[in-house]
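[1] task: produce atomic coordinates for the following.
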Amino acid sequence: MSATDPRPLYLRAVTQLEKVAAGVTPDLLDRPTPCTAYDLRTLLGHTAGGIHRIAYVGEGGLWLDVPAAGGEIEDGDWAGAFGRARARWTAAWQDDAKLDLAVEVPWGRVPAPAAIGGYVMEAVTHTWDIARVIAPGTELDEELATIVLGIAHQVLPADDRGPDMPFGPVRPAPEGAGANDRLAAWLGRTL
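    I've put the predicted structure just below:
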């Protein structure tokens, strides 16, 4: 991945998310997640919706006008839902020229690579959240988390976490914690 093209990194993150989501069973959907605002069903919907939202932006839509992302998802079709979202995103962002655009996302009008980069962080973090519920021992991509943790340190300083920020205060990570756990702790998750 080049510094100006986050698409390969995003596809890597979404592919990992899709693999983790393949382990979701209907009996788990009402369980709480480390992302305390959501139970598993709601977090899965939020995360799949995020892929559709950034795809919609890549299709030329305004983030503020995004329609309901992805529609209703059957309890047993979460992996399929993520696969469809990934396919839509891939089609929406395949044109290299789109990386030269400025786009509107929740944190403002930014260059397209910065917008996609923000969604990389969301996909990696929520993959960790989901894995903690469905298969806590799941090995996640540490290299991917290391890259995202470096970005998170730059764009989400520890001392800039007010009530309007969707991330809690930095939490401690255990000695020797891997990059995924350190990222989760940096974003306010309790390990």
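
[2] packing partners of the strand or helix carrying residue 151?
    Using DSSP states H and E, residue 151 sits within helix 142-155. Counting contacts by 3 or more CB pairs under 8 Å, 6 or more residues apart in numbering; DSSP states H and E, helix 142-155 is packed against helix 7-21, helix 112-134, helix 179-186. To be clear about C-beta, it is placed using only N, CA and C from the backbone, and glycine gets the same treatment.

[3] residues in contact with residue 18?
    Applying CB atoms under 8 Å, 6 or more residues apart in numbering, we find residue 18 in contact with 79, 82-83, 86.

[4] make JSON lines out of those and add distance to residue 159, secondary structure and neighbour count.
    Listed next are the contacts of residue 18 as JSON lines, based on distance: CB to CB, whole Å; DSSP: H, G, I helix; E, B strand; the rest coil; neighbours: other CB atoms under 10 Å:
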{"residue": "79", "distance to residue 159": "39", "secondary structure": "helix", "neighbour count": "16"}
{"residue": "82", "distance to residue 159": "34", "secondary structure": "helix", "neighbour count": "26"}
{"residue": "83", "distance to residue 159": "39", "secondary structure": "helix", "neighbour count": "16"}
{"residue": "86", "distance to residue 159": "35", "secondary structure": "helix", "neighbour count": "19"}
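
[5] center of this protein, which residue is that?
    The residue lying closest to the centre of the chain (CA atoms, centre = their mean) is residue 123, at 1.8 Å.

[6] and the helix holding residue 151, which residues are buried?
    Neighbour counts over helix 142-155 (16 or more other CB atoms under 10 Å) mark 144-145, 147-149, 151-152 as buried.

[7] is the residue lying closest to residue 81 once chain neighbours are set aside in a helix, a strand, or coil?
    Leaving aside its sequence neighbours, residue 81 sits nearest to residue 73 (CB to CB, 6 or more residues apart in numbering; 4.5 Å). At residue 73 the chain is in coil, as set by DSSP: H, G, I helix; E, B strand; the rest coil.

[8] my read is that residue 73 contacts residue 42, right?
    No: counting by CB atoms under 8 Å, residue 73 does not reach residue 42; the two are 11.3 Å apart.

[9] neighbour count for those two, which is higher?
    Taking neighbours as other CB atoms under 10 Å, residue 73 and residue 42 compare with residue 73 leading, 18 against 14.
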